[in-house]
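sequence and predicted structure are below.
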Amino acid sequence: MTSGNLYNHLERLSEILRTDLRKSGIEHGLQPVQLEVLHYLSVCNRYSDTPLAVTEYLGQTKGTVSQTIKVLEQKRLLQKRNDTEDKRVSHLSLTPRGSKLLDQLVPPPMLTKASDKLPERTRKQINQALQQLVMALLQSNGMKSFGVCHTCRYNLHSKDGGYFCNLVKQALTEDDVERLCREHETVG
Ligand code: SF4
């Protein structure tokens, strides 16, 4: 398959999903970028929940992200808290209202409906292939991977069966290792 064919499929897929998300967002007075910020914050880890990380992940300008955060705060979908050690840094998280709304909209019900029709094996294959494609795309273009913690080269298994981040030198929970991280580096 050529990259042209691949592009056609991906473009069609992203357009269908984006149109659907735009429609359901409008019903709640939200723009696609506002939903993207909420979604990112629902899957990132505690080292990656800053406005800067959101900017890097979405590839948006600082101004757009800052404006988006302000609107989401006003709508009581997102909350900010200052870092305990560095007051210049703020951490963002979804409010219960934001989580509830996101659960309704993401993943888009139309995707769930289609995916449920596929055999489990096919779903796994598609998932793995897309994961590989995303990684290849990011690596070959020198972009941050924002990968899942348990696939990071800094993620170590501690003796007690837990996990430890060898970069920030902190213990990680079961929940931490399933989340996206801006410091993620793929294993060698
Ligand atoms: S192990 Fe890697 S992905 Fe996990 S917290 Fe540490 S740097 Fe981030």
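Yes, it's here.

domains in the chain, by residue range?
Dividing the chain into domains by automatic domain parsing, as the record does, gives the ranges 1-117, 120-188.

what's the closest of these to the ligand?
Smallest distance to the ligand across the domains of the chain (Cβ to the nearest ligand atom): 3.1 Å, for domain 120-188. Just so you know, the C-beta spots here come from the backbone N, C-alpha and C atoms, and that holds for glycine as well.

any idea how far residue 6 is from the most centrally placed residue in the chain?
The geometric centre of the chain, computed from its C-alpha atoms, lies nearest to residue 40 (Cα atoms, centre = their mean), at 3.6 Å. Distance from residue 40 to residue 6, counting by Cβ to Cβ, to the nearest Å: 25 Å.

still on that earlier bit, in a markdown table, list the domains of the chain along with mean pLDDT.
Shown next, in a markdown table, are the domains of the chain (pLDDT from 0 to 100):
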| stretch | mean pLDDT |
| --- | --- |
| domain 1-117 | 94 |
| domain 120-188 | 91 |
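
list phi and psi for the residue of the chain positioned farthest from its centre.
Taking Cα atoms, centre = their mean, the residue of the chain most remote from its mean C-alpha position is residue 159, at 29.8 Å. For residue 159, the backbone dihedrals are phi -60, psi -30 (criterion: degrees, to the nearest 10).

residue 156 falls within a strand, correct?
Yes: checked against DSSP: H, G, I helix; E, B strand; the rest coil, residue 156 lies within a strand.

contact partners for it?
163-166 (Cβ atoms under 8 Å, 6 or more residues apart in numbering).

mind listing what's buried in the lengthiest helix in the chain?
The single longest helix within the chain, with elements called by DSSP state H, is helix 3-27. Within helix 3-27, the residues that qualify as buried by neighbour count (16 or more other Cβ atoms under 10 Å) are 21, 24-25.

give me phi/psi at residue 163?
Torsion angles, degrees, to the nearest 10, at residue 163: phi -120, psi 150.

residues contacting the helix or strand harbouring residue 81, please?
Using DSSP states H and E, residue 81 maps to strand 78-82. Under the contact criterion Cβ under 8 Å, 6+ apart, strand 78-82 has outside partners 37-38, 41, 69, 72-73, 89-95, 98.
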